[in-house]
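>>> sequence? don't have it. structure:
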């Protein structure tokens, strides 16, 4: 079984400290630079390139009249056909594209939620989430986090996983550039810093900035919040995927059973159905394992208090309620003092009524109070 780290790949998006046209895309766990995104400075066009950080070869690129264009063709290195990213909603909440004859879409569920999800479209209630984007508002740090859910990519039967990853990165960058287009235009007009001709992307020296204690604490707190939100998002998606797999398993079992398909021969070829059921079973086992691992993981916001060994908790003083509970225990163990249960007895002089609760102080038998003659 794959662990949570092997099943989910997190990519951080951070801007160049001196050049807003560059975005470094790194692996969060290994801090390895995976891609470099470049937004070219052109007068009347929007142009974007995603390059390899070691060879600086262009892996994906797009060029249209403006960042707000509703259709953006994305060209990948080594592929003949371009991937068309279409703005398929009226209010800019959904963007769709196709990869290997499968339709995918980026969805932003609400304006109040800045995060986005990329889903493989299979119909109502059956869409599979393959990527999640979570923004992060911290200065001089990475501004966003892209999570690639590889355990769900296996369910989509995609042959070229690396190509799909490159398409996800490029489409997300174009969507974010469209949202940041107003700020970009202002910086262009005011002569902001951009990529120079002789400057090699990704080879800039690190900046030395003095951070005080409060900034460091704020950074650590934000990082804990991000980790907690990521874990909650993964738990939600794992539960949703488990529900989808259970539904698909029931449908496949009904289709392969003789009662579910009366027109089919009872001795048909079960190769395809058996393969599908085994594949669903493997995905279900993987999700069960991930769900168990996520449930055992400790949230970053949790805390455990440690008391000194000399600490002794004081015993609580007896109250009317504790006396009444003891009386009920005696009533059930040794038999009733009266024919009615204590909860159904009528009020007497020894009952105390406070609001909707009634407490009664047990009265010992007279034989315990007066000596026998």
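Okay, I see it. Just so it is clear, the model here is predicted, and its values are computed rather than measured.
>>> which residues in this protein form strands?
Taking DSSP state E, the strands of the chain run over residues 8-15, 22-27, 33-39, 46-51, 58-64, 71-76, 83-87, 94-99, 102-107, 116-120, 128-135, 144-149, 351-354, 357-360.
>>> residue 186: which of these is closest?
If you check each of the strands of the chain against residue 186 by C-beta to C-beta, strand 33-39 wins as the nearest, at 14.5 Å. For every residue, glycine as well, the C-beta is placed using N, CA and C.
>>> which residues are contacting that closest one?
Contacts to strand 33-39, defined as C-beta atoms under 8 Å, 6 or more residues apart in numbering, come from residues 11, 21-27, 46-53, 56, 59, 166, 169, 173, 177, 184, 195, 201-202.
>>> correct me, but residue 98 touches residue 83?
Yes - here residue 98 lies in contact with residue 83, judged by C-beta atoms under 8 Å, at a distance of 7.1 Å.
>>> ok, these two, which is more surrounded?
Higher neighbour count among residue 98 and residue 83: residue 83, with 22 against 16, using other C-beta atoms under 10 Å.
>>> pretty sure the more buried one sits against residue 73.
Yes - applying C-beta under 8 Å as the test, residue 83 and residue 73 come out as touching, 7.3 Å apart.
>>> quick revisit: turn the strands of the chain into JSON lines, including mean pLDDT and distance to residue 212.
Written out in JSON lines, the entries for the strands of the chain read as follows (pLDDT from 0 to 100; distance: least, C-beta to C-beta, whole Å):
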{"stretch": "strand 8-15", "mean pLDDT": "91", "distance to residue 212": "21"}
{"stretch": "strand 22-27", "mean pLDDT": "94", "distance to residue 212": "25"}
{"stretch": "strand 33-39", "mean pLDDT": "95", "distance to residue 212": "29"}
{"stretch": "strand 46-51", "mean pLDDT": "94", "distance to residue 212": "36"}
{"stretch": "strand 58-64", "mean pLDDT": "95", "distance to residue 212": "40"}
{"stretch": "strand 71-76", "mean pLDDT": "95", "distance to residue 212": "43"}
{"stretch": "strand 83-87", "mean pLDDT": "95", "distance to residue 212": "42"}
{"stretch": "strand 94-99", "mean pLDDT": "94", "distance to residue 212": "40"}
{"stretch": "strand 102-107", "mean pLDDT": "94", "distance to residue 212": "38"}
{"stretch": "strand 116-120", "mean pLDDT": "92", "distance to residue 212": "34"}
{"stretch": "strand 128-135", "mean pLDDT": "90", "distance to residue 212": "25"}
{"stretch": "strand 144-149", "mean pLDDT": "92", "distance to residue 212": "25"}
{"stretch": "strand 351-354", "mean pLDDT": "48", "distance to residue 212": "55"}
{"stretch": "strand 357-360", "mean pLDDT": "49", "distance to residue 212": "55"}
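>>> of the contacts of strand 33-39, buried ones?
Burial by neighbour count, judged by 16 or more other C-beta atoms under 10 Å, picks out 11, 21-26, 46, 48-51, 53, 59, 166, 169, 173, 177, 184, 195, 201-202 from the contacts of strand 33-39.
>>> for residue 151, see how far away residue 120 is.
Plainly put, residue 120 is 13 Å away from residue 151 if you go by C-beta to C-beta, to the nearest Å.
>>> now do residue 66
From residue 66 to residue 151 the distance is 37 Å (C-beta to C-beta).
>>> more neighbours: the two, which one.
Neighbour totals were compared for residue 66 and residue 151, and residue 151 leads with 21 against 11 (other C-beta under 10 Å).
>>> isn't that one up against residue 129?
No - if you go by C-beta under 8 Å, residue 151 and residue 129 don't touch, sitting 10.5 Å apart.
>>> what's near enough to touch residue 62?
Going by C-beta under 8 Å, 6+ apart, residue 62 touches 46, 47, 48, 72, 73, 74, 75, 85, 170, 174.
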